[in-house]
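Visitor: quick check, what structure comes out for this input:
(one chain, ligands or ions: 1)
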Amino acid sequence: MFNSLSDRLTATFKSLRGKGRLSEADIDGTVREIRRALLDADVAVPVVREFAAHVKERALGLEVSQSLNPGQQVVKIVNDELVRILGGETRRLNLAKTPPTVIMLAGLQGAGKTTLAGKLAKWLKAQGHTPLLVACDLQRPNAVKQLQINGQRAGVPVYAPHPGVSSEFESATGDPVAVARDGVAEARAKLHDVVIVDTAGRLGVDEEMMRQAADIRAAVNPDEVLFVIDAMIGQDAVNTAQAFNDGVNFTGVVLSKLDGDARGGAALSVASITGKPVMFASTGETLDDFEVFHPDRMASRILDMGDILTLIEQAEKSWDKGEAERMAKKFADREDFTLEDFLAQMQQIKKMGSLKKMLTMMPGAQVSRQQLEQFDERQIDRIEAIVRSMTMHERLAPKIINGSRRARIAKGSGVHVSEVNQMLERFGEAQKMMKRMAAGGGMPGMPGAPG
Ligand code: GDP
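Guide: Take a look at the predicted model:
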């Protein structure tokens, strides 16, 4: 998502690279390019207009800076404006003072509400909450079943108007408002501290759906009403968001399907148009493809600065601290980086989830999109198989791996000798990089800002 917007903006900034000061013509040209890039990405017209006006005004008023050149200053301005249209500060969930906190989900059919319900439940549970899911989407065939499956995956119970659900608050099948009210009562009785109410959507905005959502809102008095919007739906996003804002007065936005490759700009406009912040992002079909939305990080991702913070957060979640410390010490001591370390590192990377996803978050300068598209996750498994076919002596002293050892390793791991050669070559590069990192004390090639 946002790839082409990102490419266009980065290209615009490149043209400012090396300029000592910006003329008014430079600024006009840059603002024009930015405006075009935003419009082509489907960002809503009024949002683009305001965005461009702000950038121009601030760029004209630029003071000579000690620390940033004009190109970098413009990048900073555009970054600030992106953060602003995305809602500014990261907005946390509003938890009720007296539990249960009630979170209601609203949006069109297919927006990703039911999927989000599972993701949100899993995420809350991991933080020590005891959520209950409530299935009020009685419209879409299978929606209740789907929520039950998601609940099971998340390890979170589901309240549903279903024969066999043991509850003293058994609701009449078919009345979503009653189900919602009973679901919240059930949560209160069973001491769940958060209730997530999944509601029905239609394919398009329609009055009856909106009335039902408004009735549910009135019945359960939610602490948060999250409007879920499919980031791929293009310009319609803005009208849909406005209709839901008028209809249910939501408190926050969730952008779903951000993993898709649509232009996505309309979704970027939703916060600005409705004045409600984007709070979460849904980035895939599994329950872990879910992130708290940080406007500043999204802006730097769009500007191809690499979303270092998200990356670090994910790494911290899965990184084995002891192992990381051992590695750090090893580099500090300038000991040789061995194949055994390489293997350990690969396992850490695998623990962090999809490598492809991680790579998209790294600063753009290091991996091209084309390389990414060609990247095959299974390659890691093959590399691992190769290393595992080596003796410990070989792993610790890779220099001894001669031709006959290579042939044996290839046979053992079921690959061609050329793959073993390639792998050893790559390892050699990694070894060099590690040495440089140890010497320089940081990651090589950090974000490529112009200038
Ligand atoms: P609902 O009608 O709003 O409840 O939508 P669903 O949760 O049923 O989602 C509709 C479809 O979109 C399902 O096939 C989901 O698997 C898929 N989906 C939901 N969220 C995402 C996402 O973030 N990324 C992708 N790629 N697919 C998603």
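
Visitor: what does this structure have sitting close to the ligand?
Guide: Within the chain, the positions near the ligand by C-beta under 6 Å from any ligand atom are 107, 109-115, 140, 146, 201, 256-257, 259, 282-285, 289. C-beta here means a position set from N, CA and C on the backbone, and glycine is covered the same way.

Visitor: one more time with 8 Å, if that's ok
Guide: Applying C-beta under 8 Å from any ligand atom, one finds that the chain approaches the ligand through 105, 107-117, 137, 140, 143, 146, 198, 201, 228, 230, 256-260, 282-285, 289-290.

Visitor: in strands, which of the residues you listed fall?
Guide: With strands taken from DSSP state E, the overlap with these comprises L105, D198, V228, D230, S256, S282, F290.

Visitor: among the residues you listed, which one lies nearest to P46?
Guide: Nearest to P46 among those: D230, at 21.4 Å, using C-beta to C-beta.

Visitor: filter the ones in strands among the residues of the chain next to the ligand to the buried ones?
Guide: L105, D198, V228, D230, S256, S282, F290 (16 or more other C-beta atoms under 10 Å).

Visitor: what would the residues you listed look like in a markdown table with pLDDT?
Guide: As requested, these are exported to a markdown table (pLDDT from 0 to 100):
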| residue | pLDDT |
| --- | --- |
| L105 | 97 |
| D198 | 95 |
| V228 | 96 |
| D230 | 92 |
| S256 | 93 |
| S282 | 93 |
| F290 | 91 |
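
Visitor: nearest to the ligand among the residues you listed?
Guide: Ranked by distance to the ligand (C-beta to the nearest ligand atom), these are led by S282 at 3.5 Å.

Visitor: doesn't F293 make contact with the closest one?
Guide: No. The criterion here is C-beta atoms under 8 Å, and S282 misses it with F293 at 9.7 Å.

Visitor: residues shared between the contacts of these two?
Guide: V254, L255 (C-beta atoms under 8 Å, 6 or more residues apart in numbering).

Visitor: now M392: how far from the ligand?
Guide: For M392, the distance to the ligand equals 43 Å [C-beta to the nearest ligand atom, to the nearest Å].

Visitor: those strands in the chain, which residues are they?
Guide: Applying DSSP E to the chain gives strands spanning 101-106, 131-136, 158-159, 194-199, 224-230, 252-256, 278-282, 290-292.

Visitor: which among those strands is found nearest to H54?
Guide: Closest among the strands of the chain, using C-beta to C-beta: strand 278-282, at 19.0 Å.

Visitor: for that closest one, the distance to its chain's centre please.
Guide: Strand 278-282 has its C-alpha centroid displaced from the chain centroid by 8 Å (C-alpha atoms, centre = their mean, to the nearest Å).

Visitor: with stretch 230-237 instead?
Guide: Centroid separation between stretch 230-237 and its chain, computed with C-alpha atoms, centre = their mean, is 17 Å.

Visitor: and what of stretch 11-25?
Guide: Here the centre of mass of C-alpha atoms in stretch 11-25, compared against the chain's by C-alpha atoms, centre = their mean, lies 31 Å away.

Visitor: ok, S4 - contacts?
Guide: D40, A41, R263.

Visitor: my read is that the last one contacts L5, right?
Guide: Yes. If you go by C-beta under 8 Å, R263 and L5 touch, sitting 6.9 Å apart.

Visitor: show me the common contact partners of these two, please.
Guide: Counting by C-beta under 8 Å, 6+ apart, the contacts common to R263 and L5 are D40, A41.

Visitor: so where is the chain shaky, pLDDT-wise?
Guide: Flagging of the chain using pLDDT under 70 yields the residue ranges 64-68, 162-173, 261, 304-335, 351-375, 377, 434, 436-451.

Visitor: and the longest helix along it, C-alpha only, in PDB?
Guide: When the chain is parsed with DSSP state H, its longest helix is helix 417-440. Only the C-alpha atoms of helix 417-440 are listed here, as PDB (Å, rounded to 0.1, in the frame of the first residue of the first chain):
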ATOM      1  CA  VAL A 417      26.500 -27.100  -5.100                       C
ATOM      2  CA  SER A 418      26.000 -23.700  -6.700                       C
ATOM      3  CA  GLU A 419      23.500 -22.900  -4.000                       C
ATOM      4  CA  VAL A 420      26.000 -23.800  -1.300                       C
ATOM      5  CA  ASN A 421      28.500 -21.500  -3.000                       C
ATOM      6  CA  GLN A 422      26.000 -18.700  -3.200                       C
ATOM      7  CA  MET A 423      25.100 -19.100   0.400                       C
ATOM      8  CA  LEU A 424      28.700 -19.000   1.500                       C
ATOM      9  CA  GLU A 425      29.300 -16.000  -0.600                       C
ATOM     10  CA  ARG A 426      26.300 -14.200   1.100                       C
ATOM     11  CA  PHE A 427      27.600 -15.300   4.500                       C
ATOM     12  CA  GLY A 428      30.900 -13.700   3.700                       C
ATOM     13  CA  GLU A 429      29.100 -10.400   3.000                       C
ATOM     14  CA  ALA A 430      27.100 -10.700   6.200                       C
ATOM     15  CA  GLN A 431      30.300 -11.300   8.100                       C
ATOM     16  CA  LYS A 432      31.800  -8.200   6.600                       C
ATOM     17  CA  MET A 433      28.700  -6.200   7.400                       C
ATOM     18  CA  MET A 434      28.700  -7.400  11.000                       C
ATOM     19  CA  LYS A 435      32.300  -6.300  11.400                       C
ATOM     20  CA  ARG A 436      31.500  -2.900  10.100                       C
ATOM     21  CA  MET A 437      28.500  -2.600  12.400                       C
ATOM     22  CA  ALA A 438      30.500  -3.600  15.400                       C
ATOM     23  CA  ALA A 439      33.100  -1.000  14.400                       C
ATOM     24  CA  GLY A 440      30.600   1.700  13.700                       C
END
